[in-house]
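Engineer: Sequence plus predicted model, see below.
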Amino acid sequence: MKSVRIWFTKEHECKYISHLDLNRCMLRAVRRAELPIWYTEGFNPHPFVTFPLPISLGICAKRECMDIRITDESYDISQIPERMNRYLPRGIQVFDATYPELDPKFICYAKYSASINADGVEESDLRTQILKLCDLDSVIIQKKSKAGMKDVDVLPYIKVMEFASDDSCSFTVILPAGNTKNIALPLIFKAMENHLNLELNYNIVKLDMYTEEMKPFA
Amino acid sequence: MYSKEVEKILLKVQKPGRYTGGEINSVIKDKDKVDIRFAFCFPDTYEIGMSHLGMKILYSQFNSYDHIWCERVFAPWTDMEELMRERNIPLYALESGDPLTDFDFIGFTLQYELSYTNVLNMLSLAGIPLLSSERKELKNIVVAGGTCTSNPEPLADFIDIFFIGEGEDVDLEVMELYRKCRNEGCTKDEFLILAAQIKGVYVPALYDVEYNEDGTIKSFTAKNGAPERIEKRIIMDMDNLYYPDTFVVPLVEIVHDRAVAEIFRGCIRGCRFCQAGFLNRPVREKSKETILSQCKAICDSTGYDEISLSSLSSSDYSDIVGLLTCLTEWSDTCGVSLSLPSLRVDGFTDDIMSKIKTVRKSGLTFAPEAGTQRLRDAINKNVCEEELLNTCRVAFSGGWTNVKLYFMIGLPTETLDDVEGIAKLGQAVVNEYYRCENRTKGKSVNVTVSASSFVPKPHTPFQWEAQDDIDTILMKQKHLKESITTKKITFNYHASNTSFLEGVFARGDRKLCKVMLKAAEKGFHFDGWNDCFDFDAWMDLFEECGIDPTFYTARKRSFDEILPWDFISYGVSKDFLIKECERAYNSETTPNCREKCSNCGAACYKGGVCVEKRQNLVH
């Protein structure tokens, strides 16, 4: 038995499907692609599939991955993208299948690109306002946790935030991701919305995942 | 597809995936290259509408023509609707994202009465005038088909054309006529008059209704050459009938997320409460070969690994064991599991069980419908207690420990003894489990008893009956609850006030149109959902409109009253329905179509079970 990491995009309308729906969609494709996949051996045998870093609803992704196990170790994994894409919508497309180099626990950061706008506000103004926000001591938002509501300061989570060279309100941002420390970008935007008293429209694209040393996850 | 405006609200609503389109196998065409745009509207949520087989069939069939583009529209859930109204976003179709006003046809499928307010609400969300008379141009033709068109009258003021019976042929004929009329520059009225000549088409605007002082119908008159009687459309050749080789595969989970193969239409049984059994006569089967090839095609193109056989009573397929044998030979090799809903108590044999054993043992459902033999005879269910217990024994030996039993309360001639009989029958099943030596050891049995409230439906032998009022139903539910003494039985029952409203619409007439209109103005929607249904608001509305809803539910009609739906013929004669009703009063059963022809009238279609050779006949 061998593990295989399947790389795919999640875009267009498919950004609006939940992790659970993505999971079902992938299971269907894996089964129909007739991969020699390993089935779990419990009461309800089903193909074994895990997602190293599940993505939240509403976010596009350029380089997502999921792990499966195959029973035939000599299977040519380069045929996987083409076989699976036949059963996938245009918003979810497999572009590579590799043997995993790193365990999912090494995922430490994720990089996103995002653009924000608000009705009735010039993008350059919005950009200035957001830059000012980032210079504050703290930007607090209430977050629901298992122990009830708690105050979270979102600023320390932002590792790097680089605005586009033009005047627009587009930027890339690197945030902690993975098992130990984690924050959702929409939560940061929510905090900004509260502080600016504006309704923000945003587009988020998850670009890649990194290890602690900022090495791309593979 | 969705517009920029829609994109802004998608992350603010629950399950945005139901508003985006873009599923595998959804059909995208160039709107400039098609002649007819058809918006297929299901007046309920995406998850429910996408589970509906009729929509899948017609969607694929319409789109198989180059000049037609059929798209899907569902009722947005309340959170989405609120945002759409707030931002003036009109209701749009999922494929193109275009508003409904861009469509030639806006077609609704009417599957249950409580979706009527959604029909009007969807039109209103699209900014389309609700009243047929206010839509004057030859565009946005609002059509409706489906089971509930068997009594279309409560929606008569709103719908331009009703399709009566099976839609595959008649819909296309009307579309073809529309294309011709548009090319010739006809008006909408001219088009409707011509359409009324097509068999299976009912244009309500071409009929006048007069009432007696007591509110019953005095006369029902056709004008402009429209036919006095509307005959249902029916397709006799099931093997050459269009069936899709692919389904749209939803991105979000829907209610029935699996492939479906239709194995036959109609039902041989003639249970007297069952509308579908009378509307779809006679039984017409697909051949095993056709079913197998359709199953294969759909599983291949969708990636589904579960296929469900669809019919009104699957075990009545004439060669069900042969069918399952040939289907399991295929499904076993490719990891597809078969499920077989709509099994009759007397149809669950060892043979069938061994074929569907691969399916997860989640539970088995049977519908004895009534608690005592007398009442089961009165409704012509033709199932006896011994058969039910035998079946349960088979199931228990096969490892099942969950059995669901469906009943109705409020059936004509029902007494409290019959209600108590439901509890007794449930108890008998529990006892059977403990008598069964091959049962799963160390496990307890769970019998779920569900009781819904009976609503008399048009075109059935009970169409003249009074429906139990809400208090009577509540009393019977309470009585049943108290009659159940074991914890091994779980008792479920339906809210009685939704059944009341269903009863009003089911046997309503045109006078209800003004209530429907007011309901739409007040924003009533999703009456089938507990979250939205407001019984008191409905009662206020009836009062405001000066309409007594019990006129439609509580009143027992005489056989000679003109019923609002009398002008529609489903091939079953009124004399037969009267005879069946009288037999019910005497608890006399009627044999099923395979045992003996009871001369219901459906033989006029010259096919299906009516011309089958009966096994008990000497050749």
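Structural biologist: Structure's in. What do you need?
Engineer: Name the spans of chain B whose pLDDT lies under the cut-off.
Structural biologist: B:342, B:356-362, B:614-619 (pLDDT under 70).
Engineer: How is it divided into domains?
Structural biologist: B:4-231, B:236-359 (automatic domain parsing).
Engineer: Any chance of CSV for those domains, columns distance to A:C65 and mean neighbour count?
Structural biologist: Where C-beta positions appear, they are placed from N, C-alpha and C, glycine not excepted. Below are those laid out as CSV (distance: least, Cβ to Cβ, whole Å; neighbours: other Cβ atoms under 10 Å in any protein chain shown):
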stretch, distance to A:C65, mean neighbour count
domain B:4-231, 21, 19
domain B:236-359, 20, 19
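Engineer: Leaving out the residues flanking it, which one is nearest to B:S339?
Structural biologist: Nearest non-adjacent residue to B:S339, counting by Cβ to Cβ, 6 or more residues apart in numbering or on different chains: B:S308, 4.5 Å away.
Engineer: Let me know the secondary structure of that neighbour.
Structural biologist: strand (DSSP: H, G, I helix; E, B strand; the rest coil).
Engineer: OK, contacts around it?
Structural biologist: B:H256, B:R258, B:A259, B:V260, B:A261, B:L338, B:S339, B:L340, B:P341 (Cβ atoms under 8 Å, 6 or more residues apart in numbering or on different chains).
Engineer: Check the gap between it and B:T349 for me.
Structural biologist: B:S308 sits 19 Å away from B:T349, going by Cβ to Cβ, to the nearest Å.
Engineer: same check, this time on A:N117
Structural biologist: For A:N117 relative to B:T349 (Cβ to Cβ), the value is 65 Å.
Engineer: Any chance you could give me stretch B:326-334 in PDB, C-alpha atoms only?
Structural biologist: Backbone C-alpha positions of stretch B:326-334 (Å, rounded to 0.1, in the frame of the first residue of the first chain) are rendered in PDB as follows:
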ATOM      1  CA  CYS B 326     -29.800  -9.100 -13.900                       C
ATOM      2  CA  LEU B 327     -29.200  -5.800 -12.200                       C
ATOM      3  CA  THR B 328     -27.100  -7.300  -9.300                       C
ATOM      4  CA  GLU B 329     -25.000  -9.300 -11.800                       C
ATOM      5  CA  TRP B 330     -24.000  -5.900 -13.200                       C
ATOM      6  CA  SER B 331     -23.900  -3.800 -10.000                       C
ATOM      7  CA  ASP B 332     -21.800  -6.300  -8.100                       C
ATOM      8  CA  THR B 333     -19.000  -6.000 -10.600                       C
ATOM      9  CA  CYS B 334     -18.800  -2.300 -10.400                       C
END
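Engineer: What parts of the stretch 1-150 of chain B come near chain A?
Structural biologist: B:2, B:8, B:10-11, B:15-17, B:19-24 (Cβ under 8 Å from any Cβ of the partner chain).
Engineer: May I see those residues arranged in TSV, with distance to A:T50 and secondary structure as well?
Structural biologist: What follows is the residues of the stretch 1-150 of chain B next to chain A, written out as TSV (distance: Cβ to Cβ, whole Å; DSSP: H, G, I helix; E, B strand; the rest coil):
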residue	distance to A:T50	secondary structure
B:Y2	31	coil
B:K8	34	helix
B:L10	28	helix
B:L11	26	coil
B:K15	24	coil
B:P16	25	helix
B:G17	22	helix
B:Y19	29	helix
B:T20	26	coil
B:G21	29	coil
B:G22	26	coil
B:E23	25	coil
B:I24	23	strand
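Engineer: Find the pair from those with maximum spatial separation.
Structural biologist: Longest distance between any two of the residues of the stretch 1-150 of chain B next to chain A is 26.1 Å, between B:K8 and B:I24; criterion Cβ to Cβ.
Engineer: can you map out the strands along chain A?
Structural biologist: A:2-10, A:49-50, A:60-70, A:92-98, A:109-118, A:140-145, A:148-153, A:160-163, A:170-176, A:200-210 (DSSP state E).
Engineer: Tell me if B:L123 really is in a helix.
Structural biologist: Yes - counting by three-state DSSP, B:L123 falls inside a helix.
Engineer: quick one: contacts for it?
Structural biologist: B:L100, B:I106, B:P129, B:L130, B:V142, B:F158, B:A520.
Engineer: Go through these and say which is closest to chain A.
Structural biologist: Taking Cβ to the nearest Cβ as the measure, B:L100 is the one of the contacts of B:L123 closest to chain A, at 19.8 Å.
Engineer: Excluding sequence neighbours, find me the nearest residue to the closest one.
Structural biologist: That would be B:A126: by Cβ to Cβ, 6+ apart, it lies 3.7 Å from B:L100.
Engineer: helix/strand/coil for the residue nearest the centre of chain B?
Structural biologist: Centroid-nearest residue in chain B, with Cα atoms, centre = their mean: B:Q111, separated by 4.3 Å. Of the three states, B:Q111 takes coil according to three-state DSSP.
Engineer: Same list, the contacts of B:L123, but as CSV with secondary structure and distance to B:K574 please.
Structural biologist: Output for those, formatted as CSV (DSSP: H, G, I helix; E, B strand; the rest coil; distance: Cβ to Cβ, whole Å):
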residue, secondary structure, distance to B:K574
B:L100, helix, 39
B:I106, strand, 33
B:P129, coil, 36
B:L130, coil, 33
B:V142, strand, 30
B:F158, coil, 28
B:A520, helix, 33
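Engineer: Mind listing what's buried along stretch B:375-388?
Structural biologist: Counting neighbours by 16 or more other Cβ atoms under 10 Å in any protein chain shown, one finds that the buried residues in stretch B:375-388 are B:L375, B:R376, B:D377, B:A378, B:I379, B:N380, B:K381, B:N382, B:V383, B:E385, B:E387, B:L388.
Engineer: likewise stretch A:154-172?
Structural biologist: In stretch A:154-172, counting by 16+ other Cβ under 10 Å, buried: A:V154, A:L155, A:Y157, A:I158, A:M161, A:F163, A:C169, A:S170, A:F171.
Engineer: B:P564: which of those residues is nearest?
Structural biologist: A:C169 (61.0 Å).
Engineer: B:S26 contacts B:S96, doesn't it?
Structural biologist: No - using Cβ atoms under 8 Å, B:S26 makes no contact with B:S96, being 10.6 Å away.
Engineer: Give me the neighbour count for B:T391.
Structural biologist: When neighbours are defined as other Cβ atoms under 10 Å in any protein chain shown, B:T391 has 24 of them.
Engineer: Verify the stated contact: it with B:I352.
Structural biologist: No - using Cβ under 8 Å, B:T391 is not in contact with B:I352, being 10.3 Å away.
Engineer: residue contacts, the closest residue to A:N23 other than its chain neighbours?
Structural biologist: Counting by Cβ to Cβ, 6+ apart, A:V49 is the residue found nearest to A:N23 once chain neighbours are left out, at 6.8 Å. With contact set as Cβ under 8 Å, 6+ apart, A:V49 has these partners: A:N23, A:M26, A:L27, A:V30, A:M66, A:D67, A:I68.
Engineer: try 7 Å this time
Structural biologist: When contacts are counted by Cβ atoms under 7 Å, 6 or more residues apart in numbering or on different chains, A:V49 touches A:N23, A:M26, A:L27, A:V30, A:M66, A:I68.
Engineer: cool, B:C334 as well?
Structural biologist: By Cβ under 7 Å, 6+ apart, B:C334 has no neighbours at all.
Engineer: which outside residues touch stretch B:340-348?
Structural biologist: B:308-309, B:311-316, B:356, B:366, B:368, B:383, B:387-388, B:391, B:394-395.
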